[in-house]
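In: Fold the following, please.
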Amino acid sequence: MSEPYYRYHVFFCTNQRDNGRPCCQNHDALALRNYAKEKVKALGLAQQRQVRINTAGCLNRCAQGPTIVIYPEGTWYTYANREDIDEIINEHLMKGHPVERLRI
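Out: Residues are numbered from 1 along each chain as shown. Model (predicted):
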């Protein structure tokens with residue numbers, strides 16, 4: 001098996017559903033994804049295939065709040081604000097320690 005291209009590949013669901021159904025974009029998912037992308041760049045984690053932040057369509061976990069999945073481990077998170085994103089970046093992406101309180 002080959003090594004992953006990125007150390008961590010982070011997918012943010014930014015799906016917007018119609019008719020007021022629960023979805024990640026109702027929680028400013030795109031703005032928080034953009035925040036994470038800029039933060040990762042500022043920390044130098046976007047270089048040398050370390051961390052890639054991507055937008056995803058529906059990840060089909062809308063009922064659990066805004067959703068992120070990080071590969072290669074397949075760790076699922078929910079989050080509420082920039083502080084939660086900072087904690088995921090600092091603990092999981094920088095130190096390799098999953099943030100248990102935010103795991104789905």
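
In: OK, contacts around Glu73?
Out: By Cβ atoms under 8 Å, 6 or more residues apart in numbering, the residues touching Glu73 are Pro98. All C-beta spots, glycine's among them, are computed from the backbone N, C-alpha and C.

In: can I assume it sits in a strand?
Out: No. Using DSSP: H, G, I helix; E, B strand; the rest coil, the assignment for Glu73 is coil, not a strand.

In: how close does it get to Gly65?
Out: According to Cβ to Cβ, to the nearest Å, Glu73 and Gly65 sit 20 Å apart.

In: do the same with His27
Out: Relative to Gly65, and taking Cβ to Cβ, His27 is found at 6 Å.

In: Between those two, which contacts overlap?
Out: Contact criterion Cβ under 8 Å, 6+ apart; residues shared by His27 and Gly65: Ala80.

In: Which positions within the longest helix along the chain qualify as buried?
Out: Secondary structure of the chain per DSSP state H: the longest helix is helix 29-42. Within helix 29-42, the residues that qualify as buried are 29-30, 32-33, 35-37, 39-40, counting by 16 or more other Cβ atoms under 10 Å.

In: ok, residues contacting that helix?
Out: For helix 29-42, the surrounding residues in contact (Cβ under 8 Å, 6+ apart) are 10, 12-15, 46, 51, 53, 55, 66, 79, 81-82, 85-86, 88-89, 93.
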